[in-house]
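Chemist: need the 3D shape of this:
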Amino acid sequence: MSFSGNLKSVSFGDNLQLISTGKKTGALLLVRGKQQKRIYFQDGQVVFAKSDDDVEQDRLGQFLVRQGKITPEQLEMLLAKQKKNRKRLGEIILELHLLEPPVLAETLRVQVEEIIYGLFVWGDGEFKFIEGETPPAKTPLIKIDTMSVMMEGARRFDEWNRIRETLPPVETILEMRPVPLLNGVEISLSSEDFELLALVDGYRRVDEIMQTFGRGEYTAACSMHRLISKGLLQAVERTEDGTGSPDEWRNVYDIIFRLYSHSLQRIHQELTDLLGDGGDRLFVQPIGKCLTAGLFDSLIAGETTTARETFWRAIESIPENVRLHKVLSQATLLLRSRLGLVRDSLGDRISTRLVEGIQKDVAFLLAQKRVLADKYDIGREFADSLNLS
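Modeler: Residues are numbered from 1 along each chain as shown. Take a look at the predicted model:
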């Protein structure tokens, strides 16, 4: 007997229990917006599940890459073959002996379970059980105890509700903290954490991050909760028109100041450590071409309040239509000249080591502000300034 309804009235877990206790054979179709998922049963036991919408988190190929079973390059090759001969991905994998049949079967089982667990957090959507419907031909069937899936799904659902209460509102924009709140404790991050961090750019909302994340809402919520509680993420305040507070241009010049000022301070430290007073005098000597008044002094003074104020006065004296170009080109000229001093005075080995240290120092800042850095070519300009070849 087929049946249908809405998940607000009959939860996904209740659907599973009805199918399991009734030992039913058929397919349960679940639809929410553009998402469509099908779970196939034989005598009440799960034998297969798939996403009709083929969302990324449920694709077998992406799942195999995340599990470390195949490489991204192998997946690209598999998808090209699949497009050409129209075979199922699992068939091609076995034909090419990329995985042994038991390994592929176990991966399919885990994938099916993850598809099912993701459905427990669906609070709404339509469902329909189609009695007698079987999986597509040549589908490698598995057998999963439905009651065991229900118990694990219920546990995750309880944890999902607990975690959801600790997360910021869905409209909140997240960014990485400039200085993580480590409190002297070493932090270990999972692969899920790194994937979610890559989506945090200071412009995406909580709900956008969770929808873009490739491992489902539950895993996204768990990872987001960990990163916030560990002090790696924070909320961003935005004005009504969506610009930053302070405004976008102030953020742009703040990135430039922080990148170049920190790099120059690192160079200053290297020179004085190895050459003493001679290194200090070498560092502060003027360069051949004139810079905008105050720009040289502000960038070599370090990240202090006084230096920032001098920096802002200097750039505000530049006409607005050429301001960004001049600030970047002059900051690049200054940084390259100081790196040249290190190379000429201390040799290639030390200058190379210094550049590598600077790159590591600023990697977090560039990752945190990558949207603006990419938009205004700041990252590329800065990388060019470190290239002395």
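
Chemist: low pLDDT regions in this structure?
Modeler: Low-confidence segments of the chain (pLDDT under 70): 52-59, 178-186, 214, 237-247, 286-290, 368, 388-389.

Chemist: strands along that one, start to end?
Modeler: For the chain, strands defined by DSSP state E occupy the ranges 3-6, 26-32, 35-42, 45-51, 126-131, 173-176, 233-236.

Chemist: what residues does stretch 365-383 touch?
Modeler: Residues outside stretch 365-383 that contact it (CB atoms under 8 Å, 6 or more residues apart in numbering): 175-176, 178, 197, 201-203, 248, 251-252, 255-256, 258-260, 324, 328, 332, 362. C-beta: built from backbone N, CA, C; applies to glycine.

Chemist: for residue 352, see how far away residue 311 is.
Modeler: Distance of residue 311 to residue 352, computed by CB to CB, to the nearest Å: 29 Å.

Chemist: okay, these two: which has more neighbours?
Modeler: residue 311 (25 against 13; other CB atoms under 10 Å).

Chemist: would you mind finding the longest helix in this protein?
Modeler: helix 248-275 (DSSP state H).

Chemist: so which elements touch that one?
Modeler: Secondary-structure packing of helix 248-275 (3 or more CB pairs under 8 Å, 6 or more residues apart in numbering; DSSP states H and E): helix 277-284, helix 295-300, helix 305-316, helix 323-346, helix 348-368, helix 370-375, helix 378-385.

Chemist: how about 6 Å then?
Modeler: Counting contacts by 3 or more CB pairs under 6 Å, 6 or more residues apart in numbering; DSSP states H and E, helix 248-275 packs against helix 277-284, helix 295-300, helix 323-346, helix 348-368.

Chemist: residue 139: which of those is closest?
Modeler: Closest to residue 139 of these is helix 348-368 (CB to CB; 41.3 Å).

Chemist: buried residues in that closest one?
Modeler: Across helix 348-368, burial judged by 16 or more other CB atoms under 10 Å covers 351, 354, 355, 358, 362, 365, 366, 368.

Chemist: measure how that helix sits relative to helix 378-385, angle-wise.
Modeler: Angle of helix 348-368 versus helix 378-385, following axes from the mean of the first three to the mean of the last three CA atoms, to 10 degrees, is 180 degrees.

Chemist: how many residues are close by residue 109?
Modeler: Residue 109: 16 surrounding residues under other CB under 10 Å.

Chemist: do you know how far it is from residue 41?
Modeler: Separation of residue 109 from residue 41 (CB to CB) stands at 15 Å.

Chemist: chain center to the longest helix of the chain, what's the gap?
Modeler: Offset of helix 248-275 from its chain centre (CA atoms, centre = their mean, to the nearest Å): 27 Å.

Chemist: off-centre distance for stretch 381-388?
Modeler: 26 Å.

Chemist: hang on, residue 127 packs against residue 30?
Modeler: Yes: judged on CB atoms under 6 Å, residue 127 makes contact with residue 30 at a distance of 5.0 Å.

Chemist: quick check, residue 279 in contact with residue 271.
Modeler: Yes: Residue 279 lies in contact with residue 271 (CB under 6 Å); the separation is 3.3 Å.

Chemist: mind giving me the domain split of this protein?
Modeler: Using automatic domain parsing, the domains assigned to the chain come out as 3-149, 167-236, 248-385.

Chemist: straight-line length of the shortest one, end to end?
Modeler: What that stands for is domain 167-236. End-to-end distance for domain 167-236, by CA to CA, to the nearest Å: 14 Å.

Chemist: burial measure for the nearest residue to residue 138 once chain neighbours are set aside, as a count.
Modeler: Closest residue in space to residue 138, ignoring its immediate chain neighbours: residue 88 at 6.3 Å, by CB to CB, 6 or more residues apart in numbering. By other CB under 10 Å, 15 other residues sit near residue 88.

Chemist: start the count at 18 instead of 1 going forward.
Modeler: Right, with 18 as the first residue, what we last looked at is residue 105.

Chemist: do you know how far the residue most central in space within the chain is from residue 384?
Modeler: Centroid check for the chain by CA atoms, centre = their mean gives residue 215 as the closest residue, at 1.9 Å. Distance, residue 215 to residue 384, by CB to CB: 8 Å.
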